[in-house]
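Asker: Sequence and predicted structure below; questions after.
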Amino acid sequence: MKFEDVDWHDQVLMKIEIDQSNSSKEDVSLKFIVLIHHRKFQLQFVDVYNLDLRMNFGIVAEETINYGIINTEDNRLLEIIGRWARLGVDLYALKCFEFNTASTNSTLKVYAKSCKLLPI
């Protein structure tokens, strides 16, 4: 299953994992654990260059997703690509995976080359 094949509306964001324990051999490992149609999946982001979490708290409820999109016109995405291009790094494959949650109106943006959606 691909990111763009999922109807993200009303799916559940259960967990965000950021793992830097193996940073001498690989970059940051970023995973979201999501419940899609009552089945657990791991959304694993590949080649992450930036993470922007604007999260709100204080609501005692499941964190349901309002929408999940690949935002190709995000201003920060264009800045990141431009900054790395000046250093000779081609990041034109970089994408902005953007989520907005319904429960707390939080916005999560992951700037990565791709992602994998794996059943748990």
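Answerer: It's in.

Asker: Grab the longest strand from the protein for me.
Answerer: Scanning the chain for the longest strand, with DSSP state E as the assignment, gives strand 39-54.

Asker: now the helices for this protein?
Answerer: Using DSSP state H, the helices of the chain run over 75-85.

Asker: Given the helix or strand bottoming out on mean pLDDT in it, what are its sheet partners and their directions?
Answerer: Across the helices and strands of the chain, the lowest-confidence element by mean pLDDT, DSSP states H and E is strand 29-36, at a mean of 87. Strands adjacent to strand 29-36 in the sheet, as given by DSSP bridges, are strand 12-19 (antiparallel), strand 39-54 (antiparallel).

Asker: Buried residues of that strand, list them for me.
Answerer: Applying a neighbour-count criterion of 16 or more other Cβ atoms under 10 Å, one finds 29-32, 34-36 buried in strand 29-36. All C-beta atoms are positioned from the backbone trio N, CA, C, and that covers glycine.

Asker: Could you dump the strands paired with strand 29-36 into TSV and include mean pLDDT and mean neighbour count?
Answerer: Listed next are these as TSV, based on pLDDT from 0 to 100; neighbours: other Cβ atoms under 10 Å:
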stretch	mean pLDDT	mean neighbour count
strand 12-19	90	14
strand 39-54	92	16
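
Asker: Can you lay out the ones you listed as CSV showing distance to residue 68?
Answerer: Listed next are the strands paired with strand 29-36 as CSV, based on distance: least, Cβ to Cβ, whole Å:
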stretch, distance to residue 68
strand 12-19, 9
strand 39-54, 9
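
Asker: and of those strands, who's closest to residue 72?
Answerer: The minimum distance between residue 72 and the strands paired with strand 29-36 falls on strand 39-54, with 15.2 Å, by Cβ to Cβ.

Asker: what's that closest one in contact with?
Answerer: 1, 3, 14, 16, 18, 27-35, 76, 80, 84, 91, 94, 97, 106-120 (Cβ atoms under 8 Å, 6 or more residues apart in numbering).

Asker: Among the residues you listed, the buried ones, what's the PyMOL command?
Answerer: Buried members of the contacts of strand 39-54, defined by 16+ other Cβ under 10 Å, are picked up in PyMOL with:
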select buried, resi 3+16+29+30+31+32+34+35+80+91+94+97+106+108+109+110+111+112+115+117
